[in-house]
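Novice: sequence and computational prediction follow.
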Amino acid sequence: MNGLVVALALPAVAALLLVVLRDMLTDRLAAWAGVGVSVVVAMLLLVTWVGGDGDGYVAEVDLVWVRSLDLHLHLGMDGISFPLLLMTALVTALVCWALVDDPPRGDNATPGLVGLLMVVLTASIGVFAALDLVLFFVFFELALIPMWFVIARWGDPHDPVGRRTAATRFLLYTVVGSALMLVGFVTVWALAGTVQIPELAALGAQLDGGWALFAACMIALGLAVKTPVWPLHLWLPDAHAKAPTVGSVLLAAVFLKLGTYGLLRVFVAVLPGPARDLAPWLGLLGVVGIVVASLACLRQADLKRLIAYSSVGHMGFVVLGIATLTEIGIAAAVFASVAHGVVTALLFFNAGSLKRRFGTAEISVLGRGMYARMPALAVVLAFASVASLGLPGLAGFWGEMMALRGTYEAAAGADGAGLGEALAAVLLVGALLGVLLTSAYFLRVLRRTLQGVPTPHDADTDLAGSERGIAIVLVVAVLVLGLVPGLVMGVVEPSIPAILGGAR
Amino acid sequence: MSAVSVQAIVGAAPSPIEAPDVDYATISPLLIILGAAVLGVLVEAFVPRAYRFVTQIAVAVVGVVAAFVATVVVGAGLDTVDGEVTGRGGPTAMGSLSVDGPAVVTWAMLLFFGLLGVLLFAERRLDGGLSAFTSQASTPPGSADERHATRLRIEHSEVFPLAMFALGGMMFFASANDLLGMFVALEVLSLPLYLMCGLARRRRLLSQEAAMKYFLLGAFSSAFFLYGIAMVYGYAGSFGLAEISTAVSSQIGGQNLLLAGMALILVGLLFKVAAVPFHAWTPDVYQGAPTPVTAFMAAGTKAAAFVAMLRIFFVAFGGARWDWAPAVWAIAIITMLFGAIASIAQTDVKRMLAYSSIAHAGFLLVGMAGLTSGDGVTSVSAVLFYLVAYGAAAIGAFAVVTLVRDAGGETTHLGRWAGLGKESPVLAVAFTIFLLSFAGIPLTGGFISKWSVFAAAWDGGAWPLVVVGVVASALALFFYIRVVVLLFFAPPQGDGPTVAVPSPLTWSVVAITVAVTIVLGVLPGPLLDLVQQAGAFVR
């Protein structure tokens, strides 16, 4: 039995059971069931990966889905997708764990919510494992609808209209993006006569010319909405701010990665020629995103919105890494995606804990001197912030560093880089400015909330129960990624030539 | 008078009148349905009132099921034809009917829709033990006579034979092999529908207005169709599709007659499928007609008219493709965009579904612009698949509409649907699935249907249509999403909608259509293979 297929099907079955049996389950039982399923999925993925021979795609299956439309159920994982798959399963487990102590509003609502999260898990695994463009699209869309429900149904309890608006905007932006992406896929299919990603990647530079460029533009647009690339990020701050903690975490850690992963797997690998033409633009938008998002962060009054904008900046580094089309740039994109998933999950869990206590994440309401008021929470927040701003030795550092290194190589005239030397130099300066600004806004937040004379509040209670456990797991993950980056890099590196193969 | 002189009077060498050679087994599904309709009329005349409604249901259901079985038998026995096109079956009944692959598939589809329609017609638990049809159509709305008739529990059980006639007409329309037969079929399917539209029990004035509009505009479009037939006859000298095709490809001169004829025929058919700018009747009729009739009509008429349109334009006018294709392109584009944009402004569920039906006519026209033959998905198979997926979802959606009620009957104002997700989660989820299928979200039948018509169109070189189609889908999505938001997240108005508890009849319709919508999205293979094997039209 193929481990990947089981990992894909298991959460879907669990979702169905949770919804059918919802009256028999208590809130806690449903949450624990979600944790259990996610952990089993993670183990399955790990065992399957370790058991694979490391050649080509691990656990590849290729079944005919619809014969007459030539659609295949084609799945497999490689070094690019495996780290993201594992991160997805682990973050989902943590998200379900958070529900144990913090059940959603409504009478016995946890089974329904966990069911939706399980659908999101299935869909995300499907996107990361799909080796067929149509299958990729199907899972890409499938992930949206449960997420929309999560935001609209269980989002900010104090702002029912706002959360619905945010959820609907999120859905419409991404669905329109997906529609454009589908046009791109259809074009690719019409040009190449196949939608199998390995076959398409093997065609390499043969897909070229006006139509291929059109397809690449459509696909890049669709994925850029999801990633999000400035200026298509407008859905993101509201969606994150209004979503419940579980929603924010999954959005940041998993959903944005669907976009960056798609840029690697479809945009760069399938359409290398047009990707090379568009890379300078992508890099430019990425750097503009880094700078604009950092400036926006300096002015944010709401902690969740601030973290959301900081995600736009981090995704800017990922996009910059991809746009360099260098090996180190691609490695940076994968590493930064995983690291961002872990670090931002920690930040959002923390912001969620605060919001739960204070009813809001407004920095002015949270008060000063949290080190004294809630030491554990404050320390974790400080830790996550410095990890996010890229302190060496923590997870956030390597992704940014390698993306900058890739840009530097391009500026120094490396062979086959996607950016011209002059442009790369400009982008490098812009990105460095962004690094500075990132430090500035995180330090501003830390100074205004953690330090200073304590302003005690009735709601002050330190991390407890599952909050504490989640924080420990994520802090360990951030440390491991930061201290032993080779764990991920060793997995990613062998697969980079397959992504860049055609682009070289 | 001698024998010789008799012969001189009658004319030389009298040819004996040839008895028409009809293969009754091949056309048995059609005969069974028309037989069931006639039997229904007799039931109306002879069966006592107390048993009439039940007897009519039995006759209709048995007729439809028997015809379905006969269709399967006929379909399994079709010979494969390998000519210039690969197909199955061929003309029968002296060339007036073409029982080929697409015809048989359409028959099966129409019978399936017909069965679901009959089940909805038969529902009597929603409105205090009475059907959705008025007690006595001849009484003025709101009069004492009407109340009297209602008190006596009189019912128009004629709707069942009427539906059977309409169904028979649809089946004939989809398989007719000459233009005159098509005209007869068009009338046989339309007249009962005009009548049934005016029979609503609630809001009768609206219903009668709908029937009147539908009748007047329908009669007008029939005249267009007939005029077009006359023109084409003038050009080709025959009503037969095969003969017209030969004339189109070989004859020189008389082009104006042909062009005018094609244009007029196209107008008549576009009216039936509700394409812009011939769509104006659709929202009013869909809204006014009794909802079970709307369901039956939305699915059935569209299917029959589209198959007939493909047959005429691919078989008879295939050689003049470059003359009609631009018109189809233009109409497809404005239909898709208009349907999608106009639906955004709707506040009534039935009108919203009507505009969605208009938009879907546009998507189907995109399929018509595709490949006529080849290894990939052809226009015919893509359109057939689309019709099944759309029809099932449309019938299901209208079935849900029949269940959401207040004191005045069905409550179709969208605002009153707010909070349905709390009142009846199952129903709200079912309606959401239908809407997602209309929107073309993956894992519903709507996605695969759109993918296949777009694939066929792309292969046929109609890429601008595909681009417009994707944009229109995205636009339409805004509206469907708004409705889903309303169902699940909006606070209920007043007491919120109430959901009537229906009999198993309506429940089974909803359950079957949900199942079909999902199965066609997840495992579309078998049906796609079936429509693919059906092959091309055989003349």
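Specialist: Structure's in. What do you need? Numbers count the residues shown, from 1 in each chain, chains lettered A, B, ... in the order given.
Novice: so which residues on the stretch 401-539 of chain B come close to chain A?
Specialist: Residues of the stretch 401-539 of chain B found near chain A (Cβ under 8 Å from any Cβ of the partner chain) are B:436, B:441-443, B:447-448, B:451-452, B:454-455, B:458-459, B:463, B:466-467, B:470-471, B:473-474, B:477-478, B:481-482, B:485, B:488-491, B:524-525, B:528-529, B:532. C-beta coordinates here come from the backbone N, C-alpha and C atoms, glycine included.
Novice: now, those residues that are in helices?
Specialist: Counting by DSSP state H, these place B:436, B:447-448, B:451-452, B:454-455, B:458-459, B:463, B:466-467, B:470-471, B:473-474, B:477-478, B:481-482, B:485, B:488, B:525, B:528-529, B:532 in helices.
Novice: please pick the buried ones from these.
Specialist: Buried by 16 or more other Cβ atoms under 10 Å in any protein chain shown: B:436, B:447-448, B:451-452, B:454-455, B:458-459, B:463, B:466-467, B:470-471, B:473-474, B:477-478, B:481-482, B:485, B:488, B:525, B:528, B:532, out of those.
Novice: chain B: strands as residue ranges?
Specialist: Taking DSSP state E, the strands of chain B run over residues B:80-82, B:86-92, B:97-100, B:404-406, B:409-410, B:498-499.
Novice: no no, chain A
Specialist: Using DSSP E, strands in chain A cover A:58-66, A:71-77.
Novice: out of these, which is the most enclosed?
Specialist: Stretch with highest mean neighbour count among the strands of chain A: strand A:71-77 (a mean of 22; mean count of other Cβ atoms under 10 Å in any protein chain shown).
Novice: from the stretch 301-450 of chain B, which residue is nearest to chain A?
Specialist: Relative to chain A, the nearest point of the stretch 301-450 of chain B is residue B:442 (3.9 Å; Cβ to the nearest Cβ).
Novice: hmm, back to that, out of the strands of chain A, which comes closest to chain B?
Specialist: Relative to chain B, the nearest member of these by Cβ to the nearest Cβ is strand A:58-66, separated by 5.1 Å.
Novice: rebuild the strands of chain B as CSV, extending it with mean pLDDT and mean neighbour count.
Specialist: Shown next, in CSV, are the strands of chain B (pLDDT from 0 to 100; neighbours: other Cβ atoms under 10 Å in any protein chain shown):
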stretch, mean pLDDT, mean neighbour count
strand B:80-82, 73, 12
strand B:86-92, 75, 21
strand B:97-100, 88, 26
strand B:404-406, 84, 19
strand B:409-410, 78, 20
strand B:498-499, 80, 16
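Novice: now stretch B:493-502: how far from the chain's centre is it?
Specialist: Relative to the centre of its chain, stretch B:493-502 is centred 30 Å away, using Cα atoms, centre = their mean, to the nearest Å.
Novice: outside of that stretch, which residues touch it?
Specialist: Stretch B:493-502 has contacts (Cβ atoms under 8 Å, 6 or more residues apart in numbering or on different chains) with B:123, B:125-126, B:402-406, B:411, B:415-420, B:422-424, B:427.
Novice: restricted to buried residues, select those in ChimeraX.
Specialist: The following ChimeraX line selects those of those that are buried, judged by 16+ other Cβ under 10 Å:
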select /B:123,126,402,403,404,405,411,416,417,418,419,420,423,424,427
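Novice: can you list the strands of chain B in TSV and add distance to residue B:207?
Specialist: As requested, the strands of chain B are exported to TSV (distance: least, Cβ to Cβ, whole Å):
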stretch	distance to residue B:207
strand B:80-82	46
strand B:86-92	39
strand B:97-100	35
strand B:404-406	16
strand B:409-410	11
strand B:498-499	22
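Novice: how close does the residue of chain A most remote from its centre sit to chain B?
Specialist: The C-alpha centroid of chain A is most remote from residue A:453, which lies 36.5 Å away (Cα atoms, centre = their mean). Using Cβ to the nearest Cβ, to the nearest Å, residue A:453 is found at 43 Å from chain B.
Novice: pLDDT score for that residue?
Specialist: pLDDT recorded at residue A:453 is 81.
Novice: backbone dihedrals for it, please?
Specialist: The phi/psi pair for residue A:453 (degrees, to the nearest 10) reads phi -70, psi 130.
Novice: look up the closest residue to it, ignoring the ones flanking it.
Specialist: Closest residue in space to residue A:453, ignoring its immediate chain neighbours: residue A:369 at 5.6 Å, by Cβ to Cβ, 6 or more residues apart in numbering or on different chains.
Novice: does that neighbour touch residue A:460 like I think?
Specialist: No - the pair residue A:369 / residue A:460 is not scored as a contact, 10.1 Å apart, by Cβ atoms under 8 Å.
Novice: near chain B, which residues of chain A show up?
Specialist: A:64-69, A:134, A:137-139, A:141-142, A:145, A:149, A:152-153, A:160, A:164, A:167-168, A:171-172, A:175-176, A:179-180, A:182-183, A:186, A:189-190.
Novice: quick one, which of those residues are buried?
Specialist: Neighbour-count burial (16+ other Cβ under 10 Å) applied to these gives A:65-66, A:68-69, A:134, A:137-139, A:141-142, A:145, A:149, A:152-153, A:164, A:167-168, A:171-172, A:175-176, A:179-180, A:182-183, A:186, A:189-190.
Novice: and stretch B:202-209, what's buried?
Specialist: Buried residues in stretch B:202-209 (16+ other Cβ under 10 Å): B:202, B:203, B:204, B:206, B:207, B:208, B:209.
Novice: for the stretch 151-300 of chain A, give me the ranges with low pLDDT.
Specialist: Along the stretch 151-300 of chain A, segments meeting pLDDT under 70 span A:205.
Novice: OK, now which residue of it is nearest to chain B?
Specialist: Closest contact between the stretch 151-300 of chain A and chain B, by Cβ to the nearest Cβ, is at residue A:179 (4.1 Å).
Novice: buried stuff in stretch B:392-405?
Specialist: Those would be B:392-405, for stretch B:392-405 by 16+ other Cβ under 10 Å.
Novice: one more: stretch A:230-249?
Specialist: A:230, A:232-233, A:235-249.
Novice: and if you look at stretch B:305-315?
Specialist: For stretch B:305-315, by 16+ other Cβ under 10 Å, it's B:305, B:306, B:307, B:308, B:309, B:310, B:311, B:312, B:313, B:314, B:315.
Novice: can you put the residues you listed in CSV and add distance to chain A and pLDDT?
Specialist: Converted to CSV, the buried residues of stretch B:305-315 look like this (distance: Cβ to the nearest Cβ, whole Å; pLDDT from 0 to 100):
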residue, distance to chain A, pLDDT
B:305, 25, 94
B:306, 20, 94
B:307, 19, 94
B:308, 24, 94
B:309, 23, 93
B:310, 18, 91
B:311, 21, 91
B:312, 25, 92
B:313, 23, 91
B:314, 19, 89
B:315, 23, 87
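Novice: sort out for me which of those residues are in helices.
Specialist: Per DSSP H, the buried residues of stretch B:305-315 map to helices at B:305, B:306, B:307, B:308, B:309, B:310, B:311.
Novice: so the first one is in contact with residue B:185, correct?
Specialist: No - here residue B:305 lies out of contact with residue B:185, judged by Cβ under 8 Å, at a distance of 10.3 Å.
Novice: report the set of residues contacting both of these two.
Specialist: Common contacts of residue B:305 and residue B:185 (Cβ under 8 Å, 6+ apart): residue B:173.
Novice: that'll do, ta.
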